[in-house]
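Enquirer: Sequence and predicted structure below; questions after.
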Amino acid sequence: MKKKITRALAATVFFVVLLLLWEWVYRARFWSPVLLPSPRQVGAYLVTAAGDGSLWSATLVTMRRLMLGYFIGLIGGLPLGLLTARWNVMRDTVGTLALGLQTLPSVTWVPLALLWFGQTEAAMLFVVVMGTLWSVVIAADTGVRNVPPIYRRAALTMGSKGLHMWLTVILPASLPFLVSGMKQGWAFAWRSLMAAEIFVTILTGFGLGQLLHFGRDSSAMDQVLGIMLVIVVIGLLADKIFFSPIERFLHRRWGTSK
């Protein structure tokens with residue numbers, strides 16, 4: 001308990017110092033106040049945007065797009081990754097393709113999505129799925145291949161084989177790596193969606209990326225920095241509330257924690 005309090009205190013001090021440093025740079029006028037607003041100005045924008053509902057509306061639109069594309073990527077990526085780990089021919093084909101496509105920056109999918117789907121929700125969904133799918137495939141493949149061989153040998157001596165071994169030994173033992181892959185897929189989905197929302201304008205729903213883009217066009221840097229902070233906070237909350245606790249539990253369960 002004492003260790004947790006110490007860590008929380010250290011983190012608090014770090015971010016307070018960071019805010020004070022930001023305020024000092026603002027007051028020192030290294031850049032024009034138009035280009036670098038103060039923390040107070042950014043906070044004022046966030047309070048105003050939350051009060052008039054635009055921030056909440058944009059966040060809901062973005063999260064809806066993110067969750068839909070992310071889960072489609074998971075549904076497609078996990079089975080492909082498991083098949084890639086199971087058969088070498090799949091690893092040499094699908095695995096190689098996944099490794100190559102994962103290296104593509106998310107923004108490079110946007111022109112293709114616009115040409116195929118136009119300024120539609122389908123274009124955004126395509127970009128998010130492409131940003132998620134290949135990282136999940138690679139993570140699932142890596143997770144299965146990193147299952148300790150002793151687990152397989154022990155299961156074989158007890159008569160387990162085929163589908164039974166996969167369902168009761170390999171998949172449970174690879175869960176820590178699969179969850180890590182899901183977290184990585186989430187990060188790629190976030191980046192992909194922000195790229196899509198900045199370049200794809202849909203009148204039926206403005207997300208956080210569009211607010212970021214509008215802030216840039218109007219030189220409203222308090223809006224740009226405020227939306228960036230919201231994106232960071234949402235990403236941190238997803239990790240702290242969902243992914244990290246599951247990862248720690250699974251690593252302890254399978255004795256793979258460091």
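Expert: Done, it's in.
Enquirer: any idea which element the spatially most central residue of the chain lies in?
Expert: For the chain, the residue sitting closest to the mean C-alpha position, by Cα atoms, centre = their mean, is residue 187 at 1.7 Å. Using DSSP states H and E, residue 187 sits within helix 171-199.
Enquirer: swap in residue 47?
Expert: Under the criterion of DSSP H and E, residue 47 resides in helix 39-51.
Enquirer: What residues of that helix count as buried?
Expert: By neighbour count with 16 or more other Cβ atoms under 10 Å, helix 39-51 contains the buried residues 39, 41-42, 45-46, 49. Just so you know, the C-beta spots here come from the backbone N, C-alpha and C atoms, and that holds for glycine as well.
Enquirer: same check, this time on stretch 91-100
Expert: Buried residues in stretch 91-100, counted by 16+ other Cβ under 10 Å: 91, 94-95, 98.
Enquirer: what's the answer for stretch 23-34, then?
Expert: residue 26.
Enquirer: sorry, back to before: TSV for the buried residues of helix 39-51, including distance to residue 74 and pLDDT?
Expert: As requested, these are arranged in TSV below (distance: Cβ to Cβ, whole Å; pLDDT from 0 to 100):
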residue	distance to residue 74	pLDDT
39	37	89
41	39	90
42	34	90
45	34	91
46	31	91
49	31	89
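Enquirer: Skipping adjacent residues, who's closest to residue 187 in space?
Expert: Distances taken as Cβ to Cβ, 6 or more residues apart in numbering place residue 235 nearest to residue 187, at 7.2 Å, with adjacent residues excluded.
Enquirer: List phi and psi for the nearest residue in space to residue 138 that is not next to it in sequence.
Expert: In space, residue 138 comes closest to residue 98 once its chain neighbours are excluded; the distance is 5.4 Å by Cβ to Cβ, 6+ apart. Backbone torsions of residue 98, given as degrees, to the nearest 10, read phi -60, psi -40.
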